[in-house]
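Asker: Mind looking at a prediction? Sequence and model below.
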Amino acid sequence: MSKRIGFIYHSYTGQTEKVLTTAEARLKTKDYTLTLDQVRAVDANPKVSEVTLTHAPKVDDYDLIVLASPVHAFSVPIVMKTYLESVSSFQGKPVMLLVTHHFPFKWLGGKQALNALQKKVEALEGQVIIKHSVEWSSKHREREVNRWVEALEGYLSGWVSHE
Ligand SMILES: Cc1cc2nc3c(=O)[nH]c(=O)nc-3n(C[C@H](O)[C@H](O)[C@H](O)COP(=O)(O)O)c2cc1C
């Protein structure tokens, strides 16, 4: 059976999703299946302090997970936080972390959000393999997205051929 990759993500204004669809277009191979699995909530408005999820992707559906999210208020958005609270375990699965953010300095959100995601995933027994942030407003955005896709491709080529 081919390996199953799940892009489990939250995207409020669509930018994180665009990075993932770019990767999806580049990564077509018969060695694995790739699913874009969006966390959905009744109201994803970032101003609310509580959300009810209408779709929480199942970790068990995937062999490798890309967890992707925007940065909100220097940290992880409420929708992604609520989703991670609903996950019981990542059971030793490889997990790549991706955040997109606006501010030009990673210390204005990107770094904290990635660290918070890593802490949570590791507490749930996931193996964080690559952490990456894309500054959406940067003129180097395309290069950053390409670097991330290349890192993912690099991991996948080793992952598929070593089995
Ligand atoms: C409510 C809110 C809070 C945000 N807070 C931050 C922040 O603290 N740091 C940052 O760099 N960008 C921040 N941003 C910008 C988003 O992280 C950025 O535009 C991201 O790429 C949006 O991804 P999305 O389109 O997938 O939702 C914020 C955006 C919103 C809507």
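Answerer: Structure's in. What do you need?
Asker: what about Val134, which helix or strand?
Answerer: Assigned by DSSP states H and E, Val134 belongs to strand 127-135.
Asker: for that strand, what is the average pLDDT?
Answerer: The pLDDT scores in strand 127-135 average 94.
Asker: I would like the residues contacting that strand, please.
Answerer: 19, 71, 90, 92-104, 106, 110-111, 113-114, 117-118, 121-122, 141, 144-145, 147-148, 151-152, 155 (CB atoms under 8 Å, 6 or more residues apart in numbering). All C-beta atoms are positioned from the backbone trio N, CA, C, and that covers glycine.
Asker: mind running it again at 7 Å?
Answerer: Strand 127-135 is contacted by residues 19, 92-101, 104, 106, 110, 114, 118, 121-122, 141, 144-145, 148, 151, 155 when judged by CB atoms under 7 Å, 6 or more residues apart in numbering.
Asker: What residues of it count as buried?
Answerer: Across strand 127-135, burial judged by 16 or more other CB atoms under 10 Å covers Val128, Ile129, Lys131, His132, Ser133, Val134, Glu135.
Asker: what about burial for the contacts of strand 127-135, which qualify?
Answerer: Listed as buried from the contacts of strand 127-135 are 19, 93-101, 106, 110, 114, 118, 121, 144-145, 148, 151; burial here means 16+ other CB under 10 Å.
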